[in-house]
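Student: What shape does this take:
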Amino acid sequence: MSDPASTCPAWIWVAGCGLACAVLLASEVRGRQAGVWIFKPAASACFVALAWNLGAADSGYGRAILVGLGLSMAGDVLLIPRAAPRFFLAGITSFLCGHLAYAVAFCRLGVALLPALGLLLGLAPLAVLVLRWLRPALQGLFAVAVPVYVVVIFAMVALAGAASWQHGVVLPALGAALFALSDVAVARDRFIAPSLANGAWGLPTYFVGQLVLAASVVEVAAR
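Tutor: All right, here's what the predicted structure looks like:
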């Protein structure tokens, strides 16, 4: 069990993540790669630390969330080398596993089959639109990897929504939706139109989503 006396207040990790994200964005704008290598992992470490300090290790749901956060942190680091397709592929693979870990967390929380299927069917047209948008730019292994990734994302969001509705919680669905939305910025930057504007909204959305998922361990434990 986590010892509250040995942990830092949650706001420290939230503030640390926000500050690191701000410096990360400034480093991106100024083209300072050293700043990206320092502050992107730092921001990611804060959402992992938040979950740990909130007692994520003390429940099955929390442990799965913690694994997802750790895999997301690994993905963040792997996506830093922009000119290395192999690192990008490794990064999205790590994020894919992170989405699967979150899906396991929502299943551990408990998901009724019919609401999950209903949400998945409702999200399917949006998934098709995303795939049609990306397909012309996908080549080689990415022509297979990205569609698989999109399917997993939407399945994870459907499970999060169904679990949140069933158990009267908000944060799992909100965090999953923000995480999925941030992936649009990553896809646009990598395959459609590289621009600093993608990171300007995508990175804050991503880090807020991960912080929300980390905080969900408290909401779930209190239900």
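
Student: Spell out for me which residue occupies the centre of the chain.
Tutor: By Cα atoms, centre = their mean, the mean C-alpha position of the chain lies nearest to Phe179, the distance being 4.1 Å.

Student: so that residue touches Phe207, yeah?
Tutor: No. Taking contacts as Cβ atoms under 8 Å, Phe179 lies outside contact range of Phe207: 9.9 Å. C-betas here are computed from N, CA, C, even on glycine.

Student: Chain neighbours aside, what residue packs nearest to the residue nearest to the centre of the chain?
Tutor: Counting by Cβ to Cβ, 6 or more residues apart in numbering, Gly209 is the residue found nearest to Phe179 once chain neighbours are left out, at 4.1 Å.

Student: Show the pLDDT at the one you found.
Tutor: On the pLDDT scale, Gly209 is placed at 98.

Student: how much space is there between it and Tyr102?
Tutor: Separation of Gly209 from Tyr102 (Cβ to Cβ, to the nearest Å): 10 Å.

Student: shared neighbours of those two, anything?
Tutor: Counting by Cβ atoms under 8 Å, 6 or more residues apart in numbering, the contacts common to Gly209 and Tyr102 are Ala176, Phe179.

Student: between the two, who's got more neighbours?
Tutor: The residue with more neighbours, out of Gly209 and Tyr102, is Tyr102; 29 against 22, by other Cβ atoms under 10 Å.

Student: Would you mind identifying the next helix or strand past the helix or strand encompassing Ser27?
Tutor: If you go by DSSP states H and E, Ser27 is part of helix 10-30. Once the chain leaves helix 10-30, the next helix or strand it forms, by DSSP H and E, is helix 33-53.

Student: Quick one: residues in contact with that next one.
Tutor: Residues outside helix 33-53 that contact it (Cβ under 8 Å, 6+ apart) are 2, 7-8, 10, 13-14, 16-17, 20-21, 23-24, 26-28, 62, 65-66, 69-70, 72-73, 76-77, 80, 207, 210-211, 213-215, 217.

Student: Kindly provide the whole-number mean pLDDT of it.
Tutor: Helix 33-53 carries an average pLDDT of 97.

Student: for this structure, what spans make up the helices?
Tutor: Secondary structure of the chain (DSSP state H): helices at 10-30, 33-53, 60-78, 85-109, 113-134, 142-167, 171-187, 196-222.

Student: List the contacts of Pro172.
Tutor: Ala105, Phe106, Leu109, Ala160, Ala163, Ser164, Leu213, Ser216, Glu219, Val220.

Student: Low-confidence stretches in the chain?
Tutor: 1-7 (pLDDT under 70).

Student: how much space between the nearest residue to Leu78 once chain neighbours are set aside and Ala84?
Tutor: Counting by Cβ to Cβ, 6+ apart, Leu78 lies nearest to Gly91, which is 3.5 Å off, once chain neighbours are set aside. From Gly91 across to Ala84, the span is 10 Å (Cβ to Cβ).

Student: between those two, who's got more neighbours?
Tutor: Gly91 (21 against 13).

Student: if we can go back for a sec, could I get the contacts of Pro172 as TSV with distance to Gly202?
Tutor: Shown next, in TSV, are those (distance: Cβ to Cβ, whole Å):
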residue	distance to Gly202
Ala105	23
Phe106	23
Leu109	27
Ala160	19
Ala163	25
Ser164	23
Leu213	16
Ser216	21
Glu219	25
Val220	27
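
Student: What distance do you get for the residue nearest to the centre of the chain to Ala26?
Tutor: Going from Phe179 to Ala26 by Cβ to Cβ gives 23 Å.
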